[in-house]
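Novice: A predicted structure for the sequence below; I have some questions about it.
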Amino acid sequence: MSDRSISFEGSGKALLWSAAVFVVLAAIVHFAVATERERLEQNLRTQVERQILGVVARLEAELNADVFLANGLVAHATAAHPPDDTEMLTALKTLFRYGRHIRNIGIAPGNRLSHIYPLEGNRGALGLYYPELPDQWPAVKRAMDHRTTVLAGPVELRQGGRGLISRTPVFLEDGTYWGIVSLVLDADALFESVNLEPEFDGIRVALRGADGLGEKGGVFMGDPALFDSDSVRVSLNVPDGSWVVAAAPSRGWQAGSKYLVWLYFGTLGVCLLLAGVSFAYQRGRLRINASERRLRTFLQATYDGVIVIDDRGMIEEFNPAAKRLFGFGDDDVIGASVNMLMPHTEAVRHDTYIRDSWKSATRRMAAEREVVGRRKDGGEFPIEVSISGTEIAGRRIHVGVIRDITERKAFERKLKELANTDGLTGALNRRAFIETAEQTFGLARRHDRPLSVLMIDADHFKAVNDTHGHQIGDKVLVRLSAIVRESLRKTDRFGRFGGEEFMVLLPETGADAAFDAAERLLTAMREAEVPADGDASVKFTVSIGVATRIPSMPDLDALIQDADKALYRAKEEGRNRAAR
């Protein structure tokens, strides 16, 4: 074999070896690029998913904070039937002050708009009858049929901007439909409050589900094409419906990995390949770290408590607002069970709920729930919890947004109290007293038990007002009421019937015992005084009519009429006495 042949053969072997090396390196590069592209895309999806879940949790909390304020107005309208105009206007003003994004509030007994606040700019809406408004009646009818709050919109408002309209039906205790409570929310202000825009932090966002129709609803924010692309989807619960958020990176899912294509044509061999993989890996880690920093910034700055737990219920994150709410520090809670933040009964229900909650990788676990929280000192307080769940890189986590609703609950109780009590004396008002008395009368008649009433009237009250002024007259009524309440049993009921006239309901009390009670009240009234101008004081007396239920008595009105007749006799006989 000639030297030339040997040279040719050696060249061939070298070529084959070079080709083999090239194929191996090309396969390694191809595998590494494909793997890195998939990892970067997954990291990017995780980042987008976390940011959108945070926005969704805040948006739901903001929306429901306003929408569920209507519950207080519903409780007021239900308790005060028919509601007093002055009390209703006070309730509307108070509710408007508590709302964050409320443009106006209206109530429509019998579906006709009778009250609206603020009235300025909305006066023309008074008197509108919903069945005659084809653009509003379907949502009202849906709220009536479903017996729940319905959210419509966003719609363009005449005053400018976009609005969301919440309509809550009011049903009385006997199931009778009373009317509608409507809230108009500023949609643009709501979205701005949670920094939700068509594009933010390198993410494009679209929102669909107008009128709460979810996937079937129209797109009202962002590019509709996002719903036809490979985007992250998150469902957002709204009253009696849902919205859907679609999100994707502004530069596309492959933006972070396009540079890897150049590795196919690189000439730097293994060193360049390893450098490129290392660079890509570090770049991915920086993105994840940046995402985590943004998430931590949100957790640190948000006003609401945020708690992140794993699928075993162990706490991983506990932001400063949560620390203020519960009184625990990081050392107390990180790695501990979230059950430590609940009373025992709530903790048992929570364990079952977590166990049964996972049916998909990313899902909305529950709308806002009102539960009881437990502070470090053992004190319990009402909270509103909004929980989102997701699965990231094969790991399940739950994000809970928590808000203290102690003030809201107190406000609802105050509204109910205003609806049932007399503002001056604190006694039950006429409506509330009659409701209680009718129930007690029905029980007494059914079981043939004794029942008596006292009708009390302040003697010569007009003369007190004319001589000393209405302010002293009010003090007389307040003192009179205090004396009666001090003399009552826990089972007795005391109400103001109107002006200077009051009623006392005495269950399980016969005629003689009722008359003795009236005599004790007369004695206490005769000894009472009310300070007037200077060192002067005003003394007062009362007349009392006593009546007791008899088997033939058909209803409460008959018992009250007997008491009224007895009161008349007491006055005829000279006042400052009781008669029966």
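Specialist: Perfect, I can see it now. Numbering: from 1, shown residues only.
Novice: Gly218 reaches Ala210, doesn't it?
Specialist: Yes: under the criterion of Cβ atoms under 8 Å, Gly218 is in contact with Ala210, at a separation of 4.3 Å. Bear in mind the C-beta positions are built from the backbone N, C-alpha and C, glycine included.
Novice: the more surrounded of the two?
Specialist: The neighbour count for Gly218 versus Ala210, taken as other Cβ atoms under 10 Å, is higher for Ala210 (21 against 11).
Novice: gap between Leu196 and Gly373?
Specialist: In this structure, Leu196 lies at 28 Å from Gly373, with Cβ to Cβ, to the nearest Å as the measure.
Novice: ignore the last one, Glu508
Specialist: From Glu508 over to Gly373 the distance is 41 Å, taken as Cβ to Cβ.
Novice: His344 now?
Specialist: In this structure, His344 and Gly373 are separated by 13 Å, where distance is defined by Cβ to Cβ.
Novice: cool, and Gly222?
Specialist: Shown here: Gly222 relative to Gly373, a distance of 36 Å by Cβ to Cβ.
Novice: who has more neighbours, His344 and Gly373?
Specialist: When His344 is set against Gly373 and neighbours are counted by other Cβ under 10 Å, the residue ahead is Gly373, at 21 against 8.
Novice: bridging residues for the nearest residue to the more buried one once chain neighbours are set aside?
Specialist: In space, and not counting its chain neighbours, Gly373 is closest to Ile383: 4.3 Å by Cβ to Cβ, 6 or more residues apart in numbering. Legend: beta-bridge partners of Ile383 under DSSP bridges are Val371, Asp404.
Novice: tell me the contacts of Ile383?
Specialist: Remark: with contacts taken as Cβ atoms under 8 Å, 6 or more residues apart in numbering, Ile383 is in contact with 325, 370-373, 402-405.
Novice: Ala61 versus that one, what's the distance?
Specialist: Ile383 sits at a distance of 12 Å from Ala61 (criterion: Cβ to Cβ).
Novice: how about Leu415?
Specialist: Distance, Leu415 to Ala61, by Cβ to Cβ: 23 Å.
Novice: which of the two has more neighbours?
Specialist: For Leu415 versus Ala61, neighbours defined as other Cβ under 10 Å are more numerous around Leu415 (24 against 21).
Novice: secondary structure element holding the more buried one?
Specialist: Using DSSP states H and E, Leu415 maps to helix 406-420.
Novice: gap between that helix and the chain center?
Specialist: 15 Å (Cα atoms, centre = their mean, to the nearest Å).
Novice: kindly report the same for stretch 207-224.
Specialist: On the basis of Cα atoms, centre = their mean, the separation between the geometric centre of stretch 207-224 and that of its chain is 23 Å.
Novice: what residues sit buried inside it?
Specialist: Of the residues in stretch 207-224, those with enough neighbours to count as buried (16 or more other Cβ atoms under 10 Å) are 207-212, 214, 217, 219-223.
Novice: quick check: Leu451 touching Gly442?
Specialist: No: when contacts are counted by Cβ under 8 Å, Leu451 is not listed as touching Gly442 (10.2 Å).
Novice: so between these two, which is more surrounded?
Specialist: Neighbours around Leu451 and Gly442, counted as other Cβ under 10 Å, are more numerous at Leu451. The numbers are 24 against 12.
Novice: and the more buried one, what pLDDT?
Specialist: For Leu451, the model assigns a pLDDT of 96.
Novice: before we move on, what about the one 3 residues further on?
Specialist: Residue-level confidence at Leu454 comes out at 97, pLDDT.
Novice: number of nearby residues for it?
Specialist: Other residues near Leu454 number 28, with proximity taken as other Cβ under 10 Å.
Novice: for Thr421, same thing?
Specialist: Thr421 has 16 neighbouring residues, counting by other Cβ under 10 Å.
Novice: now do Asp311
Specialist: A total of 15 residues lie near Asp311 under the criterion other Cβ under 10 Å.
Novice: which residue is the nearest non-sequential neighbour of it?
Specialist: For Asp311, the nearest residue in space outside its immediate sequence neighbours is Arg396; the separation is 3.8 Å by Cβ to Cβ, 6+ apart.
Novice: what do you get for Glu156?
Specialist: Glu156 sits nearest to Arg162 (Cβ to Cβ, 6+ apart), 6.1 Å away.
Novice: now swap in Ile307 and tell me
Specialist: In space, and not counting its chain neighbours, Ile307 is closest to Gly400: 4.7 Å by Cβ to Cβ, 6+ apart.
Novice: quick one: that neighbour is in a strand?
Specialist: Yes: according to DSSP: H, G, I helix; E, B strand; the rest coil, the state of Gly400 is that of a strand.
Novice: isn't it up against Ser386?
Specialist: Yes: counting by Cβ under 8 Å, Ser386 is a contact partner of Gly400 at 7.1 Å.
Novice: quick one: Leu443 from Arg142, how far?
Specialist: Leu443 sits at a distance of 40 Å from Arg142 (criterion: Cβ to Cβ).
Novice: who has more neighbours out of those two?
Specialist: For the pair Leu443 and Arg142, the greater number of neighbours falls to Arg142 (18 against 12), based on other Cβ under 10 Å.
Novice: my guess is Arg526 contacts Thr541. True?
Specialist: Yes: counting by Cβ under 8 Å, Arg526 does reach Thr541; the two are 6.1 Å apart.
Novice: what do these two both touch?
Specialist: With contacts taken as Cβ under 8 Å, 6+ apart, the residues that reach both Arg526 and Thr541 are Asn576.
Novice: so Asp459 is in contact with Arg575, correct?
Specialist: Yes: contact status for Asp459 versus Arg575: in contact at 4.5 Å, counting by Cβ under 8 Å.
Novice: more neighbours, these two?
Specialist: Neighbours of Asp459 and Arg575, each counted by other Cβ under 10 Å, are more numerous for Asp459; the result is 18 against 14.
Novice: list phi and psi for that one.
Specialist: Its backbone dihedrals place Asp459 at phi -70, psi 140, with angles given as degrees, to the nearest 10.
Novice: for it, list the residues it contacts.
Specialist: Taking Cβ under 8 Å, 6+ apart as the criterion, Asp459 is in contact with 540-543, 571, 575-576.
Novice: looking at those residues, which are in strands?
Specialist: For the contacts of Asp459, the ones inside strands are 542-543, with DSSP state E as the criterion.
Novice: and the contacts of Asp459 as JSON lines, adding distance to Leu151 and pLDDT?
Specialist: As requested, these are exported to JSON lines (distance: Cβ to Cβ, whole Å; pLDDT from 0 to 100):
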{"residue": "Phe540", "distance to Leu151": "55", "pLDDT": "93"}
{"residue": "Thr541", "distance to Leu151": "59", "pLDDT": "94"}
{"residue": "Val542", "distance to Leu151": "54", "pLDDT": "95"}
{"residue": "Ser543", "distance to Leu151": "56", "pLDDT": "96"}
{"residue": "Lys571", "distance to Leu151": "58", "pLDDT": "94"}
{"residue": "Arg575", "distance to Leu151": "60", "pLDDT": "94"}
{"residue": "Asn576", "distance to Leu151": "61", "pLDDT": "94"}
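Novice: brilliant, that's me finished.
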